[in-house]
Structures are given as C-alpha cells and as structure tokens.
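[1] Pasted the sequence and its predicted model underneath.
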Amino acid sequence: MSIERLLKKKIEERKAKICVVGLGYVGLPLAVEFASKGYFVYGLDTSPSRIKRLERAEQYIVGVDFKRVLSLIKKKKFLPTTGQNVLGNSDVIIVCVPTPLRKVKIPNISYVSKATQAIKKYLKKGQLIILESTSYPTTTREIVLPILKKSGLVEEKDFFLCFSPERVNPGDKKFPITKISKVVGGLSFKSSELAKDLYSKIIKNVVSVSNPEVAETAKLLENTFRLVNIALENEFALVCDRLGINVWEVIEAAKTKPFGFMPFYPGPGIGGHCIPCDPVYLSWKAKKLGFKTKMIDLASYINHFMPKFVVAKVEEQLKSVRSSEKKAKVLILGVTYKKDVKDLRESPALDIIEELKRKGIKVDYSDPLIPYLKIDQIDQKSTSLTRSNLRKYDCVVLVTDHSYFDYEFIRKNSKLVFDTRNVYKKDFDNVRRL
Ligand code: SAJ
C-alpha cells in the first residue's frame, strides 16, 4: 500500500497520531477537538509552565474548557509535552506557533523556522505536515519545504506538506472552530487531499485550493479587509469631526442599505496580534518584490493615528471644563485591545496613556481584566470605580467598552466622559463621543 493510502486509512480509522506544535489560542482548541473525536494527540510546547497548567486545568485561554482538557489527558487521548521526540511518533504534525512582528514592523518567522527544524530532525516517510501560523505568501514553499528537504526526504513521494490558515476567534461561542470553514492548500494534490480528509473529521466545511500560496494569501486578505475597512471608518470619523457631523449616526444610516454595505466602527485605534500585524506580512513581501501596498500602508497609518486624535479631543474637552493650571487628571476606562478580551497586545490604550503623559497629564486606568499595568516602568494598580474615585478625574476616557462596566454609574459620577466606542449612543451634558 502507498504511504498516501496508508496515511489516508489511518486518518479514516482515527488511528493517525497527531502532534499539535504550539498550545496557544490556535493549537489548544485544535488539539482538544481532534482528541475529542478519538485521535491520540500530542501537544508539543516549549513552555514547561504551560504544560503544568494544562495538567492542573489552570485556564490560560478563553473559550477552551480546561476541565475537558484534563479529562482528555486522564483518558490518555491528549498528551501535552515539551519533548520534541514525540514528533517522530506522529503521523500528522500541525504547526500553530506565533508569527509576531519585530519592533521595526518586519515579519518574525523565527518560531516557524525553529519548529520546522525540530520536525526535520524527526521527519519520517508517510508524515503530513501542516503549517497554520499566519505568514506571508511563499512561507510554506520557500521557508518550510527547504528545511524539511534537508532530511533527504521528498515532498509528495515521502512526506506531505500543506498550509491551512487558522481562523480561531477566541471565546466566540457562535463560531467554535468546528463551525469555521477551513481552507487547505497543499504543495501537491495528495497533500491537499490528506489535509482535507483530516480536517473534515472535526470541521464541517473544508475547502482545498490549488497551492499553499493561495491559502496563505486568503488569510491575509481576510484580515486586511478588516484593517482597511476599520481605517475607512476612522477616516470618516476624522472628517465628520471637522464637519460637526455625528459619524455614529452616519454609520447607522448607511446600515439601512440592505446590500453592498458592511458596517465597521471608528475607535481609539486597533490592537490585537492579527489585524495590525497580518497585513504587514503582505506589505513586507510585496515591497521585497518592488511593489508598495499603498492601501495597507495608508490604512495602518490612519489606524495608528487614532490614539493621537483621541488625546487631542480629550485636551480640547479639558480646556472647555477646566480653568486652573493644576495638572489635569484622566482615567482610562478599559485598556485591553478589544471588548471583554484579556489581551494587551498592540492595545491603542497604551498609546493613549503614553501620549497623555507626554502632554503632562496625570493618567490612571481602570480595567478588571488587567489588575496591574506597567506605566512608565511603574506597576500601576487598576483604579476601582467608586463614586469618590471617579470624582477625582477631570475626564474619564472610555477606550475599551467591556460589557461589565456600569456605564450609567460612571456617567452620573464623572465630571466628563469621552466615549471612543459610542457606548452612550448620544451626547449628555458631560458625555462627548469620538
Ligand atoms: N476594531 C475597530 N472597529 C471595528 C472592529 C474592530 O476599531 O469595527 C478594533 C478592535 O477594537 C480591535 C481591532 O480593531 O482593537 C481588531 O479587532 P477585530 O474585531 O478584528 O478582532 P481581532 O484582532 O481579535 O481579530 C480576530 C481575527 N481572527 C482571526 O484572525 C482568526 C479576525 O479575522 C476576526 O474577523 C475577528 O477576530 C473577529 O471578527 O472578531
């Protein structure tokens, strides 16, 4: 029997041993789904503390039931480990490691390369290797494949290689990974087919495309679509501000169009490790080929300008309500990058705090998800939202609209609120919106 048919049979009979490399918000849910469907799954991670937390069911990712994880470990269906040797015992290896940006906004695929080097060490005939980490087009063919070929094995003849973009939305109950269509793009037709067989065991709709580049680029289109449309709304907010028009009402009016329009919303800027970063992977690759991605660059510029705009508006408001030369005091409400998500990565709140301090304004923050925040190298504590505390501030800036803030209490007990998320839906005497 050919190695392809043998692997196909193992996948069919759920006898294929799977190794998920990287147990973060992408890898862990994937490992749990496959283990729950009867596969034996290794979870390979470089962090011993993360392995211990899994074994103690200590939650570190939203949207994953850690009791379910523990029961899979106890049933010996899921084995979290730091031991790379498990790569040699696996039939399928799925790489879900981070692809962050370096400080100077260039791709950092060092985690992908390190994981691939480890896979090469243990690579054997009949294995299917899938890269899920978001990266620039050609990463699978030009970075991963050459490293694996150093083993002396040949793609399609000896092993199978594929790219399949992750689409996990942490904590999104409406779209668990089993309900999110999966795109697979193999170096060879056989690789695509094997990946499609595998994912079809846990995901309803699996779409194979002609090569990894299409799959890599589809993922970047999905997130660049958001980056550009958010930037468009931010630009409308800047224009409407100058025109004295309420941009929130403009969007609600445009939404009444039943076709050909999709609402996004202005805000204090964009954060997270997807939307600000993924499109830069594409622009970086395009620039290497001599093409300037003006749309992506401009959208990134507009989105990254928003924190400065928010601070300028707050200063404007402060001037209108304060006369004394005493240092103004501002409270930032919500510092994570988006509502109800405990993640500070690229959060615009951090830029707003930095800009306010640069202007000599005293800044505190309040966010139940972030008990301590390093501001100017000092660990500051989240301010509790009591009546007396709120009264201390000349302005409360609503940056992240967590669902568990008592917005009426805040409004009634604050001198001034600057709302960057349209939580209040209208202006009050002491509430101004972006
Ligand atoms: N934001 C706006 N206005 C909007 C939407 C978002 O200012 O209209 C801001 C958010 O506050 C945040 C940033 O943009 O700071 C990114 O927000 P996001 O809703 O795009 O959320 P992310 O970064 O968690 O994006 C993820 C992505 N998921 C994956 O890459 C697998 C994205 O593809 C999803 O579409 C998105 O979640 C989602 O829809 O929640």
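    Sure, I can see it.
[2] Let me see the domain layout of this protein.
    3-210, 226-433 (automatic domain parsing).
[3] Spell out which parts of the stretch 301-434 of the chain neighbour the ligand.
    By the rule C-beta under 6 Å from any ligand atom, the part of the stretch 301-434 of the chain lying against the ligand is Y337, K338. To be clear about C-beta, it is placed using only N, CA and C from the backbone, and glycine gets the same treatment.
[4] Could you pull out the strands in the stretch 301-434 of the chain for me?
    329-333, 362-366, 372-375, 378-381, 395-398, 417-419, 431-433 (DSSP state E, counting those that start in this stretch).
[5] Okay, now the unreliable bits of this structure?
    The chain contains residues with pLDDT under 70 at 323-325.
[6] quick revisit: mind giving me JSON lines with the strands of the stretch 301-434 of the chain and columns for mean neighbour count?
    Converted to JSON lines, these look like this (neighbours: other C-beta atoms under 10 Å):
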{"stretch": "strand 329-333", "mean neighbour count": "24"}
{"stretch": "strand 362-366", "mean neighbour count": "20"}
{"stretch": "strand 372-375", "mean neighbour count": "14"}
{"stretch": "strand 378-381", "mean neighbour count": "11"}
{"stretch": "strand 395-398", "mean neighbour count": "26"}
{"stretch": "strand 417-419", "mean neighbour count": "25"}
{"stretch": "strand 431-433", "mean neighbour count": "20"}
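[7] Go through the ones you listed and name the closest to L350.
    When those are compared by C-beta to C-beta, strand 372-375 sits nearest L350, at 8.3 Å.
[8] How far does that closest one sit from its chain's centre?
    Offset of strand 372-375 from its chain centre (C-alpha atoms, centre = their mean, to the nearest Å): 22 Å.
[9] same check, this time on stretch 316-334
    That offset, for stretch 316-334, works out to 33 Å (C-alpha atoms, centre = their mean).
[10] picking that back up, distance to L282 added to the strands of the stretch 301-434 of the chain, as CSV?
    Output for the strands of the stretch 301-434 of the chain, formatted as CSV (distance: least, C-beta to C-beta, whole Å):
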stretch, distance to L282
strand 329-333, 32
strand 362-366, 33
strand 372-375, 32
strand 378-381, 37
strand 395-398, 33
strand 417-419, 33
strand 431-433, 33
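[11] Just say which of the domains of the chain is most tucked in.
    Ranked by mean neighbour count, those are led by domain 3-210 with a mean of 19 (mean count of other C-beta atoms under 10 Å).
[12] right, is that domain up against the ligand?
    Yes. Using C-beta under 6 Å from any ligand atom, domain 3-210 reaches the ligand at E166, R167, V168, N169.
[13] Angles on the backbone of the last one, please.
    Spelled out, it's N169. Backbone torsions of N169, given as degrees, to the nearest 10, read phi -120, psi 90.
[14] so what's it up against?
    F175, I180 (C-beta atoms under 8 Å, 6 or more residues apart in numbering).
[15] Could you rerun that using 10 Å?
    Y25, G63, F175, P176, I177, I180, C274 (C-beta atoms under 10 Å, 6 or more residues apart in numbering).
[16] what do you get for Y424?
    By C-beta under 10 Å, 6+ apart, Y424 lies in contact with W248, L398, Y407, E408, I410, R411, V417, V431, R432, R433.
[17] re earlier: the strands of the stretch 301-434 of the chain: which one's closest to F259?
    strand 431-433 (28.3 Å).
[18] Give me the contact list for the closest one.
    Taking C-beta under 10 Å, 6+ apart as the rule, strand 431-433 contacts 237, 246-248, 266, 313-314, 316-317, 320, 395-396, 398, 407, 410-411, 414, 416-427.
[19] Okay, and which of these map to helices?
    Members of these lying in helices (criterion: DSSP state H): A237, V247, W248, K313, V314, E316, Q317, S320, Y407, I410, R411.
[20] Distance to L123 added to the residues you listed, as a markdown table?
    As requested, those are exported to a markdown table (distance: C-beta to C-beta, whole Å):
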| residue | distance to L123 |
| --- | --- |
| A237 | 51 |
| V247 | 54 |
| W248 | 55 |
| K313 | 56 |
| V314 | 56 |
| E316 | 61 |
| Q317 | 61 |
| S320 | 66 |
| Y407 | 55 |
| I410 | 57 |
| R411 | 61 |
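[21] From these, pick the one nearest the ligand.
    Nearest to the ligand among the ones in helices among the contacts of strand 431-433 is A237, at 9.9 Å by C-beta to the nearest ligand atom.
[22] hang on, the earlier thing: with K219 as the reference, name the closest of the domains of the chain.
    domain 3-210 (3.4 Å).
[23] Spatially, which pair of the contacts of N169 is furthest apart? Let me know, please.
    P176 and C274 (17.8 Å).
[24] which SS class is I129?
    strand (DSSP: H, G, I helix; E, B strand; the rest coil).
[25] didn't it look like it was pressed against S151?
    No. With contact defined as C-beta atoms under 10 Å, I129 does not count as touching S151 (11.0 Å).
[26] who touches both of the two?
    When contacts are counted by C-beta under 10 Å, 6+ apart, the set common to I129 and S151 consists of I119, K120, L123, F159.
[27] roughly how far apart are R387 and the ligand?
    According to C-beta to the nearest ligand atom, to the nearest Å, R387 stands 29 Å off from the ligand.
[28] which non-adjacent residue is nearest that residue?
    In space, and not counting its chain neighbours, R387 is closest to N413: 4.8 Å by C-beta to C-beta, 6 or more residues apart in numbering.
[29] where's the one you found relative to S382, distance?
    Counting by C-beta to C-beta, to the nearest Å, the separation of N413 from S382 is 17 Å.
[30] What of T46?
    Following C-beta to C-beta, the distance that separates T46 from S382 is 31 Å.
[31] of the ones in helices among the contacts of strand 431-433, closest to F40?
    Out of the ones in helices among the contacts of strand 431-433, the member with the shortest distance to F40 (by C-beta to C-beta) is Y407, at 48.6 Å.
[32] So the closest one is in contact with D401, correct?
    Yes. Shown here, Y407 and D401 form a contact pair, counting by C-beta under 10 Å, at 8.5 Å.
[33] coming back round to it: how about TSV for the domains of the chain, with distance to E216 added?
    Shown next, in TSV, are the domains of the chain (distance: least, C-beta to C-beta, whole Å):
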stretch	distance to E216
domain 3-210	5
domain 226-433	9
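[34] for the closest residue to F40 other than its chain neighbours, what are its contacts?
    Leaving out its chain neighbours, the residue that sits closest to F40 by C-beta to C-beta, 6+ apart is K17, at 5.1 Å. Going by C-beta under 10 Å, 6+ apart, K17 touches K10, Y39, F40, V41, Y42, L79, V86, N89, S90, D91, V92, I93.
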